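S.K.: structure for the following, please:
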Amino acid sequence: MSDAPDRLFILDREFDDPAFPGSSFYCRDCILVEGLLATFPERTAHLEVIRVPWPRPRSLVVEAIGEANQNLPALVFSDGGYVNDIKPLLEALHTRHGFPEPHP
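M.R.: Predicted structure coming up:
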């Protein structure tokens, strides 16, 4: 791993969806990752956490990994590549940053 931090893109903790007026939401996978960050803050030393708004296009994510890859959370590796599916993302947080593994 390089000295630059991996970048972890997650959605804002709470957001509105115009398709559901009067309701607020959270992203289940992003909240799971938020819990890991809060529970193991010492393991975030080489992570840059970037919270982005829910509506697309998510310009910071598009700049990092392309328009077709806006699914969040997304972990962009400092040495190239990324994951934006929850299971490989959790595995990458384990192998690259020392977070515990989820129980099978």
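S.K.: neighbouring contacts of stretch 97-104?
M.R.: For stretch 97-104, contacts defined as C-beta atoms under 8 Å, 6 or more residues apart in numbering pick out 6, 36, 40, 43-44, 46-47, 90-91, 93-94. Using the backbone N, CA and C atoms, a C-beta is placed for each residue, glycine as well.
S.K.: just the buried positions in that stretch, please.
M.R.: In terms of neighbour count (16 or more other C-beta atoms under 10 Å), stretch 97-104 has its buried residues at 97, 99.
S.K.: pLDDT averaged over that stretch, what's the number?
M.R.: The average of the pLDDT scores along stretch 97-104 is 94.
S.K.: format the contacts of stretch 97-104 as TSV; extra columns: pLDDT, secondary structure and neighbour count.
M.R.: Formatted as TSV, those follow (pLDDT from 0 to 100; DSSP: H, G, I helix; E, B strand; the rest coil; neighbours: other C-beta atoms under 10 Å):
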residue	pLDDT	secondary structure	neighbour count
D6	98	strand	21
L36	97	helix	18
F40	98	coil	14
R43	97	helix	17
T44	96	helix	19
H46	94	coil	15
L47	97	strand	18
L90	98	helix	21
E91	97	helix	16
L93	98	helix	26
H94	98	helix	15
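S.K.: tell me how far the residue nearest the centre of the chain lies from R96.
M.R.: Centroid check for the chain by C-alpha atoms, centre = their mean gives P73 as the closest residue, at 3.0 Å. In this view, P73 and R96 are 14 Å apart by C-beta to C-beta, to the nearest Å.
S.K.: swap in F20?
M.R.: Using C-beta to C-beta, F20 is found at 36 Å from R96.
S.K.: where do the helices of this structure begin and end?
M.R.: Remark: helices assigned in the chain by DSSP state H are 28-39, 59-65, 86-97.
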